[in-house]
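Peer 1: Okay, sequence plus prediction incoming.
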Amino acid sequence: MGVDLYYYDQNSNSLEPFNTARPRVIFTTISDPEPPPPDPDPEPGDKLLLVTETTTLSVGHTALRDLLIGAGWEVIVRSWSATVNYDDIAVVVIARGNPAGDSGRYLHPPVGIVGVDTWRPLGMGTDLGFLNDITDVEVTNPGSPLAAGVTGTFAAYQSGAFITWAPDTYTAMQVIVTRPGQAGQRVVFAYEAGSQMATRFATTRHVGMGYHENGLANGLTPQASDQILAAVNWAAATTYVEPPAPPPPSDPGENLAMLVTSDELAMWKDRSVNGPFRVAGDFSPNSPGHWSEMSACMNLNFASARWSGPTLLNDDSDPNNHPPGAVRRGQLTENMPPGVVRRMAHDMMSAAYAAMVTNNTSVAQAITNEIAYQATRSRLDFSNRTLWPTGYYNDINPLFMMAVWIKDYVLAYAVTKAMGFPSATVEQWFLDLAELNEWYVHSNLAGQLPNRKSDSYTSRGSAVTTEYTESHRLADGTLIGVPRINRFFNNRRNNQAGLFGLVGVLLDDTFYINEFKRFMREFVMFGCSLGDYGGYGDWERGSTTFPQLGFSYALHGMESCLPAMDALARKGDTDPYEFSSTDGATTPKWSTNYFKSMELVLNMHLKWIDRTWPAQYTPPSASYAGNPFYRVHSRNTNTNRELVNDANFLYAANYYNRSDWQDIILRQGTPTGFTSTVQGVGAIGAGWRTDWRNRFLRSLDANPYGGS
């Protein structure tokens with residue numbers, strides 16, 4: 001051990017090496033050998049976290065827990081909602097759906113993740129396939145440690161049960177097991193730490209496994225058991241890779257109107273000259289010429305389709321004589337805005353956007369003036385509680401049709417107001433109708449969700465808990481029922497909510513914004529059944545002559561809310577887009593809830609269009625299952641008519657950055673191109689009007705979500 005001598009130099013106020021030339025104060029330092037290298041990272045814990053819906057395990061999950069304990073793991077069971085503590089945890093196994101989207105706590109974990117019958121909420125895939133009464137699967141990558149030494153085709157279960165798989169694939173996905181002879185049905189797959197998964201970055205090793213809870217309950221074979229244990233061991237031996245920093249958000253440009261930024265306007269101006277969607281067929285076979293249609297709308301005589309309002313009031317001859325003097329409810333032609341009036345409102349919306357593209361202020365002023373004319377008709381005074389009472393209409397006509405009609409006015413006015421033509425009369429009219437519609441939406445839903453205004457859902461009506469309705473079947477004839485509460489979130493009520501949501505954003509009305517957000521949360525929780533199969537409120541409306549009718553109504557219900565959702569996101573409020581939950585309505589097949597999110601709900605319906613979602617058939621008669629004519633998708637195989645009311649989904653495709661959705665909406669996959677006959681469905685109808693002409697407006701490479 002050497003000794004070095006130093007002295008303190010008072011002049012330089014520093015330590016100097018010792019010599020005899022100067023006065024000094026002596027210090028000593030001990031020169032130790034080089035310090036030992038730091039200890040390696042601590043050994044991972046020997047505990048395994050098993051995450052399920054509740055700590056009261058099902059038969060299948062009990063079998064999974066016992067398998068893990070038998071392999072030597074100390075298993076800690078936590079419910080989806082429990083706080084995560086990773087101390088001494090080596091690996092997490094999440095079984096049958098999961099809470100990832102509820103809190104994000106499992107999205108960038110410090111330990112490996114194994115999803116048993118779950119992967120979408122963890123970002124490992126976006127789609128789900130499934131079949132019942134299956135036992136056999138096939139190892140396609142026998143050299144992988146996750147194959148556990150198994151080769152070829154083998155039985156995964158002691159008896160037939162559900163097998164689920166990922167139909168989508170990604171560059172970093174390692175596929176180990178598929179269904180026999182079905183390379184696109186990936187039952188066991190994995191991602192290495194540091195790789196990009198479908199929608200998330202894998203900070204640690206991730207494994208997705210399609211061994212279903214019912215199969216676990218029926219009994220795994222030794223081969224499948226070995227693969228689960230191999231997956232757990234492989235994931236536990238992970239390293240952690242820091243996720244890359246997100247790129248800085250692109251500049252969305254200046255907000256010019258509720259749904260218009262300067263970047264979008266520049267793109268529309270370019271498209272009006274160069275396409276696509278400038279003229280028919282310039283994008284793909286039979287693609288719409290939206291710009292030609294929109295620019296022609298500026299030449300319309302807006303005053304040629306005016307309406308003075310309903311003419312039938314309740315009187316002594318009315319069997320529904322309650323209350324006196326009210327606009328009579330029901331499907332009465334005299335009390336609904338005529339088709340020509342509704343279509344004119346839709347064309348006025350198109351004309352407003354065309355006016356902004358061409359800076360035609362005279363058209364913009366004419367649109368505001370025409371809306372103001374309609375707002376001053378005495379029988380359209382929605383503040384008059386004699387004419388328009390509460391406690392009478394619910395979601396039926398004429399109130400629903402008023403929401404559809406005037407929602408197009410709201411969208412048109414948002415543009416013309418931004419162009420310098422506001423109207424206090426118009427805005428008050430919008431608020432009066434928003435008040436009426438919000439009252440009925442709350443009144444109807446409160447019958448099943450009485451504490452909804454407090455965001456409390458512990459008290460639920462029978463439509464949530466015990467009543468189910470048949471809707472459609474799987475190809476093998478399996479009947480699918482959905483909770484009756486799904487039907488409360490039909491296209492009519494969604495249009496009502498879409499109206500007061502738009503009015504709230506347009507006029508910065510916090511009450512209507514919050515009520516719209518509440519409705520959209522409930523839509524995910526109670527309006528949709530996601531899991532092994534899915535559905536939404538209007539599914540049961542498919543007919544023997546038009547099987548796609550119910551699906552079309554479902555698309556219309558969702559598209560009616562998307563403009564308000566997107567308008568909120570542009571102001572920085574992404575709650576409707578980002579909402580997810582494991583609470584809500586269940587399916588009759590299972591007693592558990594599923595992880596549901598807005599993105600998954602939208603994805604499911606778009607994947608029915610390109611036919612990558614498992615085939616489902618409607619009406620629910622067993623004789624229709626498996627018949628291609630009755631399959632749910634966008635094209636009627638008998639008439640060759642194409643449903644096009646999915647174009648509003650382009651808002652969401654932009655928000656989630658889902659190029660696969662855009663391809664579906666623009667018919668760039670299956671089917672490719674549009675048919676020559678467009679199916680007009682719903683209140684607007686008349687071909688391309690159904691799709692809001694948004695293939696021109698919204699199929700953009702733009703980011704309008706930079707906040708206000």
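Peer 2: It's in.

Peer 1: what about stretch 481-498, start to end distance?
Peer 2: 27 Å (Cα to Cα, to the nearest Å).

Peer 1: can you give me the mean pLDDT across that stretch?
Peer 2: Summarised as a single mean, pLDDT over stretch 481-498 is 89.

Peer 1: if I pick the nearest residue to Thr199 once chain neighbours are set aside, what's in contact with it?
Peer 2: Excluding the flanking residues, the one nearest Thr199 by Cβ to Cβ, 6 or more residues apart in numbering is Gly123, at 4.4 Å. Any C-beta I mention is one placed from the backbone N, CA and C, and that applies to glycine too. Going by Cβ atoms under 8 Å, 6 or more residues apart in numbering, Gly123 touches Ala100, Leu107, Met197, Ala198, Thr199, Arg200, Phe201, Ala202.

Peer 1: Output those in TSV; the columns should cover pLDDT and secondary structure.
Peer 2: Formatted as TSV, the entries for the contacts of Gly123 read as follows, by pLDDT from 0 to 100; DSSP: H, G, I helix; E, B strand; the rest coil:
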residue	pLDDT	secondary structure
Ala100	41	helix
Leu107	71	coil
Met197	92	coil
Ala198	85	coil
Thr199	80	coil
Arg200	85	coil
Phe201	90	strand
Ala202	93	coil
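
Peer 1: Which one of those residues is nearest to Ala625?
Peer 2: Sorting these by how near they are to Ala625, with Cβ to Cβ, puts Ala198 at the top with 30.3 Å.

Peer 1: what number of residues lie near the closest one?
Peer 2: If you count neighbours by other Cβ atoms under 10 Å, Ala198 ends up with 20.

Peer 1: picking up where we left off before, can you redo the contacts of Gly123 as JSON lines, where the extra columns are distance to Ala235?
Peer 2: Output for these, formatted as JSON lines (distance: Cβ to Cβ, whole Å):
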{"residue": "Ala100", "distance to Ala235": "16"}
{"residue": "Leu107", "distance to Ala235": "15"}
{"residue": "Met197", "distance to Ala235": "14"}
{"residue": "Ala198", "distance to Ala235": "17"}
{"residue": "Thr199", "distance to Ala235": "19"}
{"residue": "Arg200", "distance to Ala235": "15"}
{"residue": "Phe201", "distance to Ala235": "16"}
{"residue": "Ala202", "distance to Ala235": "11"}
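
Peer 1: And Phe400, how far from Tyr468?
Peer 2: In this view, Phe400 and Tyr468 are 25 Å apart by Cβ to Cβ, to the nearest Å.

Peer 1: who's more crowded, those two?
Peer 2: Neighbour count, other Cβ under 10 Å: between Phe400 and Tyr468, Phe400 has more, with 24 against 19.

Peer 1: That one touches Ala497, doesn't it?
Peer 2: No - contact criterion Cβ atoms under 8 Å: Phe400 and Ala497 do not qualify, at 11.3 Å.

Peer 1: shared neighbours, the two?
Peer 2: Joint contacts of Phe400 and Ala497 (Cβ under 8 Å, 6+ apart) do not exist.

Peer 1: Run through the residues that contact the closest residue to Arg693 other than its chain neighbours.
Peer 2: Excluding the flanking residues, the one nearest Arg693 by Cβ to Cβ, 6+ apart is His290, at 4.3 Å. By Cβ under 8 Å, 6+ apart, the residues touching His290 are Phe277, Arg278, Trp688, Arg693, Arg695, Phe696, Leu697.

Peer 1: Show me the two of these that sit farthest apart.
Peer 2: Arg278 and Trp688, at 13.9 Å, using Cβ to Cβ across the contacts of His290.

Peer 1: what sits up against the helix or strand containing Ala372?
Peer 2: Under the criterion of DSSP states H and E, Ala372 resides in helix 361-375. For helix 361-375, the external contacting residues (Cβ under 8 Å, 6+ apart) are 298, 302-303, 306-307, 348, 351-352, 354-356, 380, 409, 412-413, 415-417, 419-423, 425-426, 428-429.

Peer 1: 7 Å instead, please
Peer 2: Outside of helix 361-375, the residues within contact range by Cβ atoms under 7 Å, 6 or more residues apart in numbering are 298, 302-303, 306, 348, 351-352, 355, 380, 409, 412-413, 416, 419-421, 423, 425-426, 429.

Peer 1: which one of the contacts of His290 has the most neighbours?
Peer 2: Going by other Cβ under 10 Å, Phe696 tops the contacts of His290 with 30 neighbours.

Peer 1: I'd guessed that one sits against Asp270; true?
Peer 2: No - counting by Cβ atoms under 7 Å, Phe696 stays clear of Asp270, with 11.4 Å between them.

Peer 1: Give the burial count for Ile367, as a bare number.
Peer 2: 27.

Peer 1: That one - nearest residue in space that isn't next to it in sequence?
Peer 2: Ile367 sits nearest to Thr416 (Cβ to Cβ, 6+ apart), 4.9 Å away.

Peer 1: Run a quick check on the one you found versus Ala352, I expect a contact.
Peer 2: Yes - between Thr416 and Ala352 there is a contact at 5.4 Å, judged by Cβ under 7 Å.

Peer 1: hang on, the earlier thing: identify the contacts common to Phe696 and Asp270.
Peer 2: With Cβ under 7 Å, 6+ apart as the test, Phe696 and Asp270 reach no residue in common.

Peer 1: hmm, who's touching the lengthiest strand in the chain?
Peer 2: Assignment by DSSP state E gives strand 182-191 as the longest strand of the chain. Contact with strand 182-191 is made by 124, 129, 137, 146, 163, 165-167, 169, 172-179, 197, 202, 205-210, 227, as judged by Cβ under 7 Å, 6+ apart.

Peer 1: so where's the stretch 51-200 of the chain shaky on pLDDT?
Peer 2: 81, 96-105 (pLDDT under 70).

Peer 1: Can you show me the helices along it?
Peer 2: Using DSSP state H, counting those that start in this stretch, the helices found in the stretch 51-200 of the chain span residues 59-70, 100-103.

Peer 1: Just say which of these is most tucked in.
Peer 2: Stretch with highest mean neighbour count among the helices of the stretch 51-200 of the chain: helix 100-103 (a mean of 20; mean count of other Cβ atoms under 10 Å).

Peer 1: and the spatially most central residue of the chain, which of the three is it?
Peer 2: Against the mean C-alpha coordinate of the chain, by Cα atoms, centre = their mean, the closest residue is Glu599 at 2.0 Å. For Glu599, the assignment made with DSSP: H, G, I helix; E, B strand; the rest coil gives helix.
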